[in-house]
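Student: how would this look folded up:
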Amino acid sequence: MSPHIKWGLIAGGAVALLNLCGGILIGALNNCFSIFTVVIAAIVAGYFTGQQEPGEEVTKAGATAGAIIGGINLVSQLAGGIIGGIVGTSIMKSVPGNAPADPTAFSMGVGLGFGVIIVTAIIVGVILIAVGAGVSALTAKKTMPQLHTNNTPESTL
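Tutor: The predicted structure is shown next:
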């Protein structure tokens, strides 16, 4: 497995775990939370990709690693948001004295809430695919080992 795919999957797995936990625990703030997780993961993946890829391909490899992270983020953000919505809805229904007056209105409100969760997760997720690719490519390019060449003519004795 090439380094950029390996580091994209490793960092993406960490992002997925954080997003699932974040979606369940903090719900709507998961979109804000995922911005930080994707940027940090893209920097880490870009750094290690830059160290392990050949010089000419490092920018493309870094962008691929960042796009993998962004794609995993999108899926985990949707899953975390939906699971968090289900957990929040079941908690809200189980609180004594918090029974909905009209079950139809409650169902419409839950449906609207899930719609907002899904739409915002998709919009933020697609933007973060591009951000992850850009940050990872830039980090890979900036941190790749430089080849030092000596252009001075050799002295003759």
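
Student: now Ala11, nearest residue through space, not along the chain?
Tutor: Ala41 (3.8 Å; Cβ to Cβ, 6 or more residues apart in numbering). Every residue, glycine included, has its C-beta placed from N, CA and C.

Student: For that neighbour, pull up the helix or strand it's in.
Tutor: Following DSSP states H and E, one finds Ala41 within helix 30-52.

Student: sorry, back to before: count residues in the vicinity of the residue nearest to Ala11, would you?
Tutor: 31 (other Cβ atoms under 10 Å).

Student: can you check Gly71 too?
Tutor: Neighbours of Gly71 (other Cβ under 10 Å): 18.

Student: Does it touch Gly12 like I think?
Tutor: Yes. Contact criterion Cβ atoms under 8 Å: Gly71 and Gly12 qualify, at 7.4 Å.

Student: returning to what we had before: list the buried residues for the helix holding Ala41?
Tutor: 30-31, 33-34, 37-50, 52 (16 or more other Cβ atoms under 10 Å).

Student: what's Ala63 in contact with, if anything?
Tutor: Ala133, Gly134, Ser136, Ala137 (Cβ atoms under 8 Å, 6 or more residues apart in numbering).

Student: Which residue, neighbours along the chain excluded, lies closest to the second one?
Tutor: To tie it back to what came earlier, the one meant is Gly134. Gly66 (6.8 Å).
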